[in-house]
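Visitor: Next input, structure requested:
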Amino acid sequence: MNVSQCMTSIVETIRPDQTLADAARAMEAGDYGILPVAENDRLVGMISDRDIAIRGIGCGHGPETKVSEVMSSDVLYCLSDADVDDVMANMGETQVRRMPVIDERKHMVGIVSLSDFAPSSASRTGKSLSEITRPSSKHSQSI
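Guide: Here you go, the predicted model:
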């Protein structure tokens, strides 16, 4: 099965020139923990509630700080025609729970989370979750 068959295709994004307050309001309204950052329909980063709290507020940035100042620019993504098992393995190895989905033109077409895979491959999803949650220094919030 391809990622396009189980991804969420309606994805709210935020622009890099918007503020942390804008991002927090969007996350609260949609009950999201992460937002893709897009510019001209191209994925340029990701911002999480943790980014806002730790790299934003925790480092003295106020609510009017631009998203671009605290977002993660190293974005892991997958292609819409990628095989689900390959993407799950990649998510486990890189310890991420959600991944933006792009097409061959590098336009964002969706987002996939580990829970999207559960109905079709419970055992592989469990293995990926186990890999994601193991202790690692990969995702340290140090600046």
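
Visitor: ranges for the helices of this structure?
Guide: Here the chain has its helices, by DSSP state H, at 20-30, 49-50, 84-94, 114-117, 122-133.

Visitor: looking at the protein, which residue lies furthest from center?
Guide: Gly60 (23.9 Å; C-alpha atoms, centre = their mean).

Visitor: That residue: what's it in contact with?
Guide: The contact partners of Gly60, by C-beta atoms under 8 Å, 6 or more residues apart in numbering, come to none. Using the backbone N, CA and C atoms, a C-beta is placed for each residue, glycine as well.

Visitor: start the count at 54, not 1, going forward
Guide: Got it, first residue is 54 now, which makes that one Gly113.

Visitor: Just tell me which of the helices of the chain ends up closest to Thr118.
Guide: Thr118 sits nearest to helix 73-83 of all the helices of the chain, at 5.0 Å, using C-beta to C-beta.

Visitor: Val128: how many residues sit nearby?
Guide: Val128: 17 surrounding residues under other C-beta atoms under 10 Å.

Visitor: quick one, phi psi at it?
Guide: Backbone geometry at Val128, expressed as degrees, to the nearest 10, gives phi -100, psi 130.

Visitor: hang on, the earlier thing: redo the helices of the chain as CSV? Include distance to Ile63.
Guide: Conversion of the helices of the chain to CSV gives the following (distance: least, C-beta to C-beta, whole Å):
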stretch, distance to Ile63
helix 73-83, 10
helix 102-103, 20
helix 137-147, 19
helix 167-170, 13
helix 175-186, 22
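
Visitor: Need the pLDDT of the residue farthest from the centre of the chain.
Guide: At Gly113, the model reports a pLDDT of 95.

Visitor: just Val64 next, same as before
Guide: Here, the pLDDT recorded for Val64 equals 89.

Visitor: so what's it up against?
Guide: So Val64 contacts Pro89, Pro153, Met161, Gly163, Ile164 (C-beta under 8 Å, 6+ apart).

Visitor: ok, now Ser101?
Guide: Shown in contact with Ser101 (C-beta under 8 Å, 6+ apart): Gly86, Ile87, Leu88, Ser125.

Visitor: Likewise for Ile105?
Guide: Leu73, Ala76, Ala77, Val123.
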